[in-house]
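>>> below is the structure, and that's it, no one-letter string:
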Ligand SMILES: [Zn+2]
């Protein structure tokens, strides 16, 4: 990440060379759907790499590692056990 033209993997720091196995990934917490997160994965390009929140990954392994690190940030573990929420479903509006 950064404006340098020499891309480095955000996981291992290796410099990018002539290979097409690199990825750029980014995530967004403020997604359209509440409680959901959006992780985008792109084939590497410099334009993508310099975007805010973009991660540069040297390959599929480190793309996976990066993703694994984001998930707990995007979905923090709740302190209270998760219970099936009782929802006011549209069915409850049934006059019968
Ligand atoms: Zn790497």
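Thanks, I have it. Fair warning: this is a prediction, and the values are worked out from it, not measured in the lab.
>>> which strands and helices sit next to the host helix or strand of residue 71?
Applying DSSP states H and E as the criterion places residue 71 in helix 60-74. Judged by 3 or more CB pairs under 8 Å, 6 or more residues apart in numbering; DSSP states H and E, helix 60-74 is in contact with strand 23-28, strand 38-43, strand 55-57. Where you see a C-beta, it was placed from the backbone N, CA and C, and this is true even at glycine.
>>> most tightly surrounded among these?
Per residue and on average, the most neighbours among the helices and strands packed on helix 60-74 fall to strand 55-57, with a mean of 24 (mean count of other CB atoms under 10 Å).
>>> which other helices and strands contact it?
Counting contacts by 3+ CB pairs under 8 Å, 6+ apart, strand 55-57 is packed against strand 23-28, helix 60-74.
>>> what residue ranges in the chain score low on pLDDT?
For the chain, the stretches with pLDDT under 70 are 1-5, 19-20, 29-33, 78-96.
>>> how about the residues of it by the ion?
Residues of the chain lying near the ion by CB under 5 Å from the ion: 9, 11, 12, 58, 62.
>>> contact partners for the closest residue to the first one other than its chain neighbours?
Excluding the flanking residues, the one nearest residue 9 by CB to CB, 6 or more residues apart in numbering is residue 58, at 3.7 Å. The contact partners of residue 58, by CB atoms under 8 Å, 6 or more residues apart in numbering, come to 9, 11, 12, 14, 16, 21, 22.
>>> ok, 7 Å please
9, 12, 14, 22 (CB atoms under 7 Å, 6 or more residues apart in numbering).
>>> now do the buried residues in stretch 50-63.
50, 54, 55, 56, 57, 58, 62, 63 (16 or more other CB atoms under 10 Å).
>>> and it, end to end?
With CA to CA, to the nearest Å as the measure, the ends of stretch 50-63 fall 17 Å from one another.
>>> is residue 76 in a helix, a strand, or coil?
The local conformation at residue 76, judged by DSSP: H, G, I helix; E, B strand; the rest coil, is coil.
>>> how much space is there between it and the ion?
Remark: distance between residue 76 and the ion (CB to the ion, to the nearest Å) = 26 Å.
>>> before we move on, back to that, among the residues of the chain next to the ion, which two are most distant?
11 and 58 (7.2 Å; CB to CB).
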